[in-house]
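K.L.:
Generate coordinates for the sequence data below:
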Amino acid sequence: MAKDKIKIETGYPALLKEIKERIMSARIKASLSINNELIQLYWDIGKMIIFRQAEFGWGNNIVEELAKDLKDEYPDNTGYSSRNLWEMRRFYQAYKDFPILQQLVAEIPWGQNIIIFSKIKDGKEREYYLKTTAEMGWSRSVLIHQIKAEAYKYHKKLPKQHNFVKALPVHLAEQADESLKSAYNLDFLDITKPVLERELEMRLVEKVKRFMLEMGKGFSFIGNQHRLTLGNSEYFVDLLFFNRILKCLVAVELKTVKFEIEHSAKMDLYLDLLNKQVKYRDENPSIGIIFCVEKDSVVVEYSMSRAVNPMGVAQYKLTSKPSSKLKKLLPAEKEVKKGLMGEYTKE
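P.N.:
As a prediction, this is how the structure comes out:
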């Protein structure tokens, strides 16, 4: 007991916490350093193969020969298969003329690199996925999902609409702008028909991990239907987050209809109440995001100019594919074809 008391009184818990944080920091740095070296190695191998093929006029057999000899030399390492050597060759070819992209590839794992240079051909689009994968820590499955959902197209073509420049200090407005997307992809909810806002909210809460990845970096989930009061009246924020980068509360309102001016007025009230009742002194002003299925840019701009608190308006996209449950109820493709040809017979 005496030893435990001494530990507490002498600040031992704080020391232990600090050391654990330092160990974790060192591990992350070591991991990043190892990945950097591995990507550089694969880059050099791809470059050497291409240069030697050009110098000696070698054909494709050289890759198969290399894979065989490297396997004999390093039997426990599967990274030098003929398939991976071909990927290294393609990797070098894809980025050899793009110095900016060469700096970015070392920041993400090899598997994610393969997906990007294999599926994406445009330089600017590759840059977007390389940067975002590094910032968000996207796994391969999440990266593929974002590419299929055309995240870059929405990032580039749909302008962001908010009043952050007017309502926030310059440095915070820039960070808030980066945290807001112009459109969000919610097709992981398997919703194929219009739903009530409450059902949409509950679906998101059930799959909060996937939704957090879609929201972006630094978001922590506080809760849904967060209660606020004004006199004898009660108000409820659909979803409430805290953003560790912005150091502020982020209120999300879900609308299954087209954006209307009253939506921003209601959000203004919520943000006022959050700042007075929930926000801590050392936190920045609360920010609002209104999700809607459709918006008129002129109406949104007008609403943002009148809003006092910082907020943005973004569209969201649901899936156009049938849900997994619905798929099970549908006839097989062969049966449909037979039916169309008049060959389908009931048992």
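
K.L.:
Stretch 72-91: end-to-end distance?
P.N.:
24 Å (CA to CA, to the nearest Å).

K.L.:
and for it, what are the contacting residues?
P.N.:
42-43, 45-46, 49-50, 63-64, 66-67, 70-71, 105, 113-114, 117-118 (CB atoms under 8 Å, 6 or more residues apart in numbering). The C-beta positions use only the backbone N, C-alpha and C, and glycine is treated the same way.

K.L.:
buried subset of those?
P.N.:
Among the contacts of stretch 72-91, those scoring as buried are 42-43, 45-46, 49-50, 63, 66-67, 70, 105, 113-114, 117 (criterion: 16 or more other CB atoms under 10 Å).

K.L.:
Which of those fall within helices?
P.N.:
42-43, 45-46, 49-50, 63, 66-67, 70, 105, 113-114, 117 (DSSP state H).

K.L.:
Rebuild those residues as JSON lines, extending it with pLDDT.
P.N.:
As requested, these are arranged in JSON lines below (pLDDT from 0 to 100):
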{"residue": "Tyr42", "pLDDT": "90"}
{"residue": "Trp43", "pLDDT": "92"}
{"residue": "Ile45", "pLDDT": "90"}
{"residue": "Gly46", "pLDDT": "91"}
{"residue": "Ile49", "pLDDT": "90"}
{"residue": "Ile50", "pLDDT": "91"}
{"residue": "Val63", "pLDDT": "88"}
{"residue": "Leu66", "pLDDT": "88"}
{"residue": "Ala67", "pLDDT": "88"}
{"residue": "Leu70", "pLDDT": "87"}
{"residue": "Val105", "pLDDT": "93"}
{"residue": "Asn113", "pLDDT": "94"}
{"residue": "Ile114", "pLDDT": "94"}
{"residue": "Phe117", "pLDDT": "94"}
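
K.L.:
and of the buried ones among the contacts of stretch 72-91, the nearest to Glu127?
P.N.:
Distance to Glu127, by CB to CB, is smallest for Val105 among these, at 10.5 Å.

K.L.:
What segments of this protein are strands?
P.N.:
161-162, 183-185, 219-230, 233-243, 248-254, 287-292, 311-317 (DSSP state E).

K.L.:
Ok, which of the ones you listed comes nearest Glu150?
P.N.:
The minimum distance between Glu150 and the strands of the chain falls on strand 183-185, with 8.3 Å, by CB to CB.

K.L.:
hmm, back to that, for Gln225, state which of the ones in helices among the buried ones among the contacts of stretch 72-91 is nearest.
P.N.:
Asn113 (41.6 Å).

K.L.:
Could you list which residues are in contact with that closest one?
P.N.:
39, 91, 105.

K.L.:
What of Ile100?
P.N.:
Neighbours of Ile100 in contact, by CB under 8 Å, 6+ apart: Glu127.

K.L.:
what does Gly46 give?
P.N.:
Residues in contact with Gly46 (CB under 8 Å, 6+ apart) are 88-93.

K.L.:
Give me the subset of those that lies in helices.
P.N.:
Using DSSP H, 88-93 are the members of the contacts of Gly46 that sit in helices.

K.L.:
Any chance of a ChimeraX selection covering the buried ones in those?
P.N.:
The buried residues among these can be selected in ChimeraX (16+ other CB under 10 Å) with this line:
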select :88,89,91,92
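
K.L.:
What is the nearest of the ones in helices among the contacts of Gly46 to Gly218?
P.N.:
Closest to Gly218, out of all of the ones in helices among the contacts of Gly46 and judged by CB to CB, is Phe91, at 30.5 Å.

K.L.:
Give me the distance between that closest one and Asn84.
P.N.:
To Asn84, Phe91 is 10 Å away according to CB to CB, to the nearest Å.

K.L.:
again, but for Pro99
P.N.:
24 Å.

K.L.:
now swap in Asn224 and tell me
P.N.:
From Asn224 to Asn84 the distance is 45 Å (CB to CB).

K.L.:
same question, Glu260
P.N.:
Glu260 is 54 Å from Asn84, where distance means CB to CB.

K.L.:
what's the answer for Leu271, then?
P.N.:
51 Å.

K.L.:
So those two - more neighbours on which side?
P.N.:
Neighbour totals were compared for Leu271 and Asn84, and Leu271 leads with 25 against 18 (other CB atoms under 10 Å).

K.L.:
residue contacts, that one?
P.N.:
Taking CB under 8 Å, 6+ apart as the criterion, Leu271 is in contact with 251, 285-288, 309-311.

K.L.:
Please name the nearest non-neighbouring residue to it.
P.N.:
For Leu271, ignoring the flanking residues on the chain, the nearest one in space by CB to CB, 6 or more residues apart in numbering is Asn309 at 3.7 Å.
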